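> The sequence isn't on hand, but the structure is:
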């Protein structure tokens, strides 16, 4: 399985990919205002790259529950200078976190290679044309409703089945516009129109989505359901997030979007080292038990 995002190619299986979050916004739920200037956002992105980010995700509109949309011109003003400053200066592909077609197109022209769309093209079907024409990678996320109202009363007969059907419908829709399967990443949308119970169902049922044969992206970092689980405020949920991240890796999830790249990278490195050692031990023990008599 491969992920093709313009000139960037990822082949799976491979080490886990980390998407570092750069919020160029004054009202993000976790770090609003900290990186709202171009200089601060660029410096933060460079630090995330040094910390181990494989992808840098730049967003100029908060999609936290209850967030108010920003204008196209304001979103462009926030994100394009950051993308232009980073393009050509980092080896990591740049992702633009947007649901606006004009922002996506301008960002790709400025040097972005991935479009991370929380509305998966439902806001404007022209998004599929942009993805097909540019060859950008495309993160398809499930969200019930819109950010302003998505947490009012989210309900599902079966949340895993609903998200699975959504992925199938979106993949068929993209293919009609000429988007290659290799360009697509699937994101169940943890926290986007879901209760804490829905989020846990999606995480424990994540293997159902592998049937689509596309890489899976999870955004667990600092989400409110981690606070429900741990009783911790937004900036003190790293432990819960890391625990769920390592569990999801064990299930086969390949990409994680995170604010805390350094700690997440360190935890994943330790986990993957242990897994390699375990595989070597199993291979060695298997070879010993299969050695024919007289060859010992």
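Nice, thanks for sending it over. This one's a predicted model, so the numbers in the text were calculated from it and none came from an experiment.

> buried set for stretch 259-269?
259, 260, 261, 262, 263, 264, 265, 267, 268 (16 or more other Cβ atoms under 10 Å). To be clear about C-beta, it is placed using only N, CA and C from the backbone, and glycine gets the same treatment.

> Export those residues to TSV and append columns for secondary structure.
Shown next, in TSV, are the buried residues of stretch 259-269 (DSSP: H, G, I helix; E, B strand; the rest coil):
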residue	secondary structure
259	coil
260	coil
261	helix
262	helix
263	helix
264	helix
265	helix
267	helix
268	helix
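
> contacts for stretch 233-241?
By Cβ atoms under 8 Å, 6 or more residues apart in numbering, the residues outside stretch 233-241 that reach it are 29-30, 220-224, 226-227, 229-230, 232, 258, 260, 263-264.

> In strands, which of those residues fall?
The strands, defined by DSSP state E, take in residue 258 from the contacts of stretch 233-241.

> buried subset of the contacts of stretch 233-241?
Looks like the contacts of stretch 233-241 have 29-30, 220-224, 226-227, 229, 258, 260, 263-264 buried, using 16+ other Cβ under 10 Å.

> From these, pick the one nearest residue 182.
residue 258 (24.1 Å; Cβ to Cβ).

> so what does the helix or strand bottoming out on mean pLDDT in the chain touch, helix or strand wise?
Least confident helix or strand of the chain, by mean pLDDT, DSSP states H and E, is helix 224-230 with a mean of 81. Contact partners of helix 224-230 among helices and strands, from 3 or more Cβ pairs under 8 Å, 6 or more residues apart in numbering; DSSP states H and E: helix 196-204, helix 238-251.

> and the last one, which residues are buried?
Of the residues in helix 238-251, 238, 240, 241, 242, 244, 245, 246, 248, 249 count as buried by neighbour count, 16+ other Cβ under 10 Å.

> Quick one: residues contacting the fourth one.
The contact partners of residue 242, by Cβ under 8 Å, 6+ apart, come to 263, 264, 267.

> can you tell me which of those lies nearest to residue 54?
residue 264 (11.2 Å).

> pretty sure residue 208 is touching residue 160, no?
Yes. Residue 208 lies in contact with residue 160 (Cβ atoms under 8 Å); the separation is 5.7 Å.

> Tell me which of those two has more neighbours.
A direct count of neighbours by other Cβ atoms under 10 Å for residue 208 and residue 160 places residue 160 higher, at 19 against 14.

> What average pLDDT does the host helix or strand of the more buried one get?
Secondary structure assigned from DSSP states H and E places residue 160 in helix 159-176. For helix 159-176, mean pLDDT is 97.
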